[in-house]
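Undergrad: Requesting a structural model of the entry that follows:
(chains A and B)
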Amino acid sequence: MKRQYSKRQYKDGQRRCCDVVVIGSGPAGMAAAVSAADAGASVCMIEREEKMGGILKQCIHDGFGLIRFEEKLTGPEYSWRYQQMVNERDIDFLNLTFLTKIERSGKGFSLEFVNPAEAVISIEAASVVMAMGCRERTDRQIFLHGQRPAGIFTAGQAQDFINLKGFMPGKRPVILGSGDIGLIMARRFTLEGASVRGVYEIASLPSGLTRNVVQCLEDFDIPLHLNTTVTEVHGRDRVEAVTVCRVDENRHPLQDTARRIDCDCLILSVGLIPENDILIPLGIELDPVTRGPVVDQFMHSSCPGIFSCGNALHVSDLVDYVSESGHAAGKAAAEWTKSDLVGSRKLRLSAGGIIQYIVPQSITEAEHEDSALPVYFRPSVPADRAEFLLKQSGRILYKKRFSYLKPSEMQRLEIDFARIDPEGEMPVVELTALGMEADDE
Amino acid sequence: MIDKNTRKLKAVRKKLKKAGFPDVTSVESNGAVLLTGNLDSWNDKVIAGYTAAGKGFRGIINDINVRGCDEPEMSMPLIKDELLAGRSLDAVIVGGGVIGCAIARELSRQNISIAVLEKESDLAMQASGRNDGMIHPGFAASPGTKKAVYNIRGNRMYTKLADELDFDLKRPGSILLFRSAWMKLMIPIFKLRCRNNRVDGRYRAMSAAEVKRIEPNVTETQHGGFLLPSAGIVSPYRVTMALAENAVLNGAEIFLNTAVTSLSLTSQQITEVHTNRGTLNCRVLINAAGVWSDKLAEMAGDRFFSIHGRKGMEAILDRSCGPLQNHIMGMPSLLGNKNSHSKGGGLVPCVEGNILLGPTAEEVPEREDYSTDSHTFSELLGQLGLNNELKASQIINYYSGIRAANWEEDFIIEPSQRVSNLIHAAAIQSPGLASAPAIAEDVAAFAVHALKAGGMKVQPRADFNPRRQAIPCLRELGSEQRARLIKRDPAYGEIMCRCEEVSKGEIRDALRSKVPATTVDGVKRRVRAGAGRCHGGFCLPRVIKIMAEELGVPLTDVTKKGGESRILRCETKEGAFDEAAV
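TA: Residues are numbered from 1 along each chain as shown, chains lettered A, B, ... in the order given. Here you go, the predicted model:
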């Protein structure tokens, strides 16, 4: 196993100090480390695995980087580009290193890690960028019942086994959930000669991107069963079959529609959860919808000095936006070490209408060198046409119309936050579905 | 004597008739009542069984056939070989649960040869690995029952045992919450029960305000409670492993995937034990076969009880919930129907820091079907309300177990009255875990007595070592101690399971311990890799790779829990990748 560890040499037991520590070296962490270094900070990037790249390492399909690089890249290719950027800069990279503790220490943070080469490492940092990505929901979190045989995998696990290890978890999978990884794995299984028994989705719409439904299912004649879910797993030792059921509008299974599907494994693509458990002791505020920290336009959390980005902040559909939030967080984390924004006024955004969530959730009064900063949101329901408004004290500060909005597809826009009056009322963002008769702009 | 038995049988028949079972036949057999006949539902069979109990017989053998309901046979290991053929052992223990392993450890104090036969791929795979880990205070059992006696004795023994065997034991105490104000009238009865059972600790009643002070998140519906400070918690499968490992250290042998298929007897003495791995001879046989203990008794021609499965479901909440509760809490319904034989579930703070919810109780014909269902799960969720801060979304896992209940609802711990070299440790359900050390002491004494009676010279081992060292849990060590271990062995610094912070070194230790893990679940139970919130989503591929290397098998041979439970089917078109080359 290749071990890289730290480029810098430290004497044993010496406490390390740096301006910015980035936790995680996936597409968000690498971007954050690069932008923090470019902003003049001394940066240390930590990775628990052997190599940089995070989940991109196993995403051998293409479609990455269309926005960021204006090219269609595979996951490893996208990752490689960022690795080059990291390597070109003076970024201290520690691999096989695991964060065990994070505590406040003076104005900054004291972090503790373990790794095989140096045992226990302490780092003092002025700011921390959390870029730890997300984990997959399991069969237990969707309260699946029946027996508990071998052969139940999350889509990411199956992807790791096939793409990184060269092993098939099964030859006749049933796929539950139509998240992007599930759709991609349906195609991947098929390309490996497996016979996908069907993709089952409890919702009335697929939860992955439309392009994946077309390219991964329709192009391979894999049936997608909407409003249908798996209710029971059968098999004592290994998965032998599952029971699938149609559901009513409240997602309750309709027992008279139950049928048994023979299969040899069950692949789950039923949602992703940002990983922020290590932040709980710091008392950080989490958004109950995104399950990531509540942040301002600088990706700054409620805990001064802790920044969040990528899928740890909120689950994105496109890696390009993951890196974009990483860039923003890294830059702001570097600037934070030089300035003092502790006393700044924070204004909470109030989200209304058919907004499921919006990131950032709050606005900090600040000198803006960029006139417009990215905002990400998802609608709570599909809408053919909708209007997005940012209002404060009855004044409309920003207005944009969207067409074909879906909860499964995240929207991005840029807003000039300098327009918001820091002394004013709570700014309101509203997304309203428009009828067909509304004027087209 | 005959008259007395006839009178007792008459009483049983009268009771059965009155309960609406005139067609159930009852006769005396081996000092017990044998029930036969046909009924339409499992529930009726259960009611008939309990109805016949308590009339002075040794036991109830409930052979009533339920129309349209098959009781599945015992599942058998796949393996067939002659590993044990020709072996001769002094003591053979059937069943590798906490009872069997505690007996093995107790017997390993003597200079005799011991084998534990376990049909599953690991120890503690059935009831011993599927309970809430509670070391009961000894309050619930009726005074004078074996349950009460062994519970109290066992509870006391755990403190020393935890020290000797290096497993986690906590005594958070349990609070029996009062559902309504009138339950305060029961306080003198509770205290009397404690005195009669000789419950340890300063048990006492508490007002609602007092409960609220020590459990700030407790439900508003409580009307005070009764505190039992001696209630403890352990990890039940880790206790089982610890007992077995110490027994092995002292010379005992453990045979997994080994099931007894029949027994040969000569003049009321067991001579040969037939298994799927060959026939062996033994001087004394100990029945610790859990849900199948009645079948083993039957093989020996000493059937005087029958087991009926009572299934219970439990759920585990995320470790982050740990700080939300300090004590074990339950709110039993004292007005529950009289056919309910469970103390009722509750919330148990586990030694690992999670909170455990449950168990439920349901009579089932199957003794090994551990499936779960949404109906029971909903019932289980009802108990979450005892703590205001707990939510269903914090549940990371759930499972079920099956209690080995008999119709008298008491343990059977005695030498066989028919077979001179057979000892029963049967019908052990809750508080079996708490009672295990005490049961083992008595059963070992019975076994030694039987061996001596058979002409064997049994002497204590001079070199018995009561201590066993656990695999280090790096997460719980201080930074300095952790650093020292990693410097000695860098594998302890390579984290594999991110949720539970388990290192490669700990996983390797589990695969090399005295009773080594051979399955993915075995690794998980020993060192918690994959026991956290992501359920092995990230670590499973890494864990099975270490397993394949350590076990010297291809990746495709690694199983989740033995048998046919292989994790992977086959290689991809291009075949397995050599990761070192990438």
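Undergrad: what sits against the residue of the stretch 201-350 of chain A at minimum distance from chain B?
TA: Residue of the stretch 201-350 of chain A nearest chain B, by Cβ to the nearest Cβ: A:Asp237 (4.0 Å). Every residue, glycine included, has its C-beta placed from N, CA and C. Neighbour list for A:Asp237: A:149-150, B:559-565 [criterion: Cβ atoms under 8 Å, 6 or more residues apart in numbering or on different chains].
Undergrad: Check B:His308 too.
TA: With Cβ under 8 Å, 6+ apart, B:His308 has these contacts: B:45-46, B:49, B:62, B:363, B:405-407.
Undergrad: Distance check, it against chain A.
TA: Computed as Cβ to the nearest Cβ, to the nearest Å, the B:His308 to chain A distance reads 21 Å.
Undergrad: cool, B:Gly432 as well?
TA: 23 Å.
Undergrad: now do B:Asn281
TA: 32 Å.
Undergrad: Low-confidence ranges, the stretch 1-150 of chain B, go.
TA: The stretch 1-150 of chain B contains residues with pLDDT under 70 at B:1-2.
Undergrad: Spell out the residue ranges of the helices in the stretch 301-450 of chain B.
TA: With helices called from DSSP state H, counting those that start in this stretch, the stretch 301-450 of chain B shows them at B:374-381, B:432-453.
Undergrad: Give me the distance between the next helix or strand after the longest one and the centre of its chain.
TA: What that stands for is helix B:432-453. Per DSSP states H and E, the first helix or strand lying C-terminal to helix B:432-453 is helix B:479-488. How far helix B:479-488 lies from its chain's middle: 35 Å, per Cα atoms, centre = their mean, to the nearest Å.
Undergrad: in helix B:479-488, what counts as buried?
TA: Neighbour-count burial for helix B:479-488, counted by 16 or more other Cβ atoms under 10 Å in any protein chain shown, picks out B:482-483, B:485-487.
Undergrad: re the thing from before, save the contacts of A:Asp237 as a markdown table, and put in neighbour count and pLDDT too.
TA: What follows is those, written out as a markdown table (neighbours: other Cβ atoms under 10 Å in any protein chain shown; pLDDT from 0 to 100):
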| residue | neighbour count | pLDDT |
| --- | --- | --- |
| A:Pro149 | 21 | 97 |
| A:Ala150 | 25 | 98 |
| B:Thr559 | 24 | 98 |
| B:Lys560 | 25 | 98 |
| B:Lys561 | 21 | 97 |
| B:Gly562 | 21 | 96 |
| B:Gly563 | 21 | 95 |
| B:Glu564 | 15 | 95 |
| B:Ser565 | 22 | 97 |
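Undergrad: Return the member of the residues you listed nearest to B:Gly86.
TA: Nearest to B:Gly86 among the contacts of A:Asp237: B:Gly562, at 25.4 Å, using Cβ to Cβ.
Undergrad: Kindly confirm whether my reading is correct that the closest one touches B:Ser121.
TA: Yes - assessed by Cβ atoms under 8 Å, B:Gly562 is found in contact with B:Ser121 at 2.4 Å.
Undergrad: who touches both of those two?
TA: B:77, B:256-257, B:518-519.
Undergrad: Quick check: most distant residue from the centroid of chain A.
TA: A:Asp256 (37.6 Å; Cα atoms, centre = their mean).
Undergrad: Would it be right to say that that residue lies in a strand?
TA: No - checked against DSSP: H, G, I helix; E, B strand; the rest coil, A:Asp256 lies outside a strand; its state is helix.
Undergrad: From the shared contacts of B:Gly562 and B:Ser121, pick the one nearest A:Lys346.
TA: Nearest to A:Lys346 among the shared contacts of B:Gly562 and B:Ser121, counting by Cβ to Cβ, is B:Thr519 at 51.5 Å.
Undergrad: Could you give the number of residues near the residue of the stretch 151-300 of chain B found nearest chain A?
TA: Here the stretch 151-300 of chain B gets closest to chain A at one residue, B:Asn257, 13.0 Å apart by Cβ to the nearest Cβ. Neighbour count of B:Asn257, defined by other Cβ atoms under 10 Å in any protein chain shown: 23.
Undergrad: for it, helix, strand, or coil?
TA: coil.
Undergrad: show me the contacts for it.
TA: B:Asn257 neighbours (Cβ under 8 Å, 6+ apart): B:77-79, B:118-121, B:276-277, B:562.
Undergrad: ok so, going back, distance check, the residue farthest from the centre of chain A against B:Asp489.
TA: For A:Asp256, the distance to B:Asp489 (Cβ to Cβ, to the nearest Å) stands at 59 Å.
Undergrad: cool, A:Arg68 as well?
TA: According to Cβ to Cβ, A:Arg68 stands 42 Å off from B:Asp489.
Undergrad: what's the answer for A:Phe98, then?
TA: 16 Å.
Undergrad: Looking at those two, which is more packed in?
TA: Under the criterion of other Cβ under 10 Å, the comparison of A:Phe98 against B:Asp489 puts A:Phe98 first, with 22 against 15.
Undergrad: Just the pLDDT at that one, thanks.
TA: At A:Phe98, the predicted lDDT confidence score is 97.
Undergrad: beta partners of the nearest residue to it once chain neighbours are set aside?
TA: In this structure, A:Phe98 finds its nearest non-sequential neighbour in B:Ile495, 4.0 Å apart by Cβ to Cβ, 6 or more residues apart in numbering or on different chains. Bridge pairing for B:Ile495 (DSSP bridges) gives the partners B:Ser503.
Undergrad: What's the local residue count around B:Ile495?
TA: 28.
Undergrad: wait, it sits on B:Gly505?
TA: No - with contact defined as Cβ under 8 Å, B:Ile495 does not count as touching B:Gly505 (10.1 Å).
Undergrad: Tell me where the stretch 101-250 of chain A has helices.
TA: Going by DSSP H, counting those that start in this stretch, the stretch 101-250 of chain A shows helices at A:155-159, A:180-191, A:210-212.
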